[in-house]
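# Mind folding the following:
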Amino acid sequence: MASDLITIADAAYPFDYTRLPASVRAVLGYVGESGCTPHVWSTQEVQAVRSHGLAWGPIVVPPQRALTTADGTRAADVMAAALPQYGYPQAGPVFLDIERASYDASPGGAADAASAWRNTMIGKGWATAVVYWPKAGPH
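Numbers count the residues shown, from 1 in each chain. This is a model prediction of the structure:
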């Protein structure tokens, strides 16, 4: 299995992409539900990233509280429903961002949510489902 390591920017809001270091090749922006993230990216904002020659990738954030398996499944359902409007390919990576407060509120619940999200996304055809969270090591 081969993989590439690229430098990315995780952005809550669109910004001036000309200010990025030359090594940055992708920008991640949030999709999903208002209330879980400060800003849900519009299709126009995603197109602006692409017009600068950068790749764009989606992030979803579950509620910022103690999490459950149901939260992970819901985040996957919300993300999968949102991605077609962005023209995002199923071969592209998708990301779940579990915030520190959610992890600290219940590490076990965060792990359950992460597993449910990843398994649901894979089941929906998004094979590269990546979780990032405060826990050390990969999920």
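
# contacts, neighbours, all on C-alpha from now
Fine.

# What's the mean pLDDT across the one helix or strand Ala76 maps to?
Secondary structure from DSSP states H and E places Ala76 in helix 69-82. Average pLDDT, helix 69-82: 96.

# Could you export it as CSV, keeping only the C-alpha atoms?
This file holds the C-alpha atoms of helix 69-82, laid out as CSV (Å, rounded to 0.1, in the frame of the first residue of the first chain):
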residue,chain,number,x,y,z
THR,A,69,-21.6,5.6,18.9
ALA,A,70,-24.8,7.4,17.6
ASP,A,71,-22.9,10.7,17.3
GLY,A,72,-20.3,9.0,15.0
THR,A,73,-23.0,7.4,12.8
ARG,A,74,-24.9,10.7,12.6
ALA,A,75,-21.7,12.6,11.6
ALA,A,76,-21.1,10.0,8.9
ASP,A,77,-24.6,10.3,7.6
VAL,A,78,-24.5,14.1,7.5
MET,A,79,-21.1,14.1,5.8
ALA,A,80,-22.0,11.6,3.2
ALA,A,81,-25.2,13.5,2.4
ALA,A,82,-23.3,16.8,2.0
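
# and for it, what are the contacting residues?
Helix 69-82 is touched from outside by 31-33, 60-63, 109, 112-118, 120-121, 124, with contacts defined as C-alpha atoms under 8 Å, 6 or more residues apart in numbering.

# Can you go through those and name the buried ones?
Among the contacts of helix 69-82, the ones that count as buried by 16 or more other C-alpha atoms under 10 Å are 31-33, 60-63, 109, 112-118, 120-121.

# now the closest residue to Asp112 other than its chain neighbours: how far from Ala22?
Once flanking residues are discounted, Asp112 sits nearest to Thr69: 5.0 Å by C-alpha to C-alpha, 6 or more residues apart in numbering. The gap separating Thr69 from Ala22 is 39 Å, by C-alpha to C-alpha, to the nearest Å.
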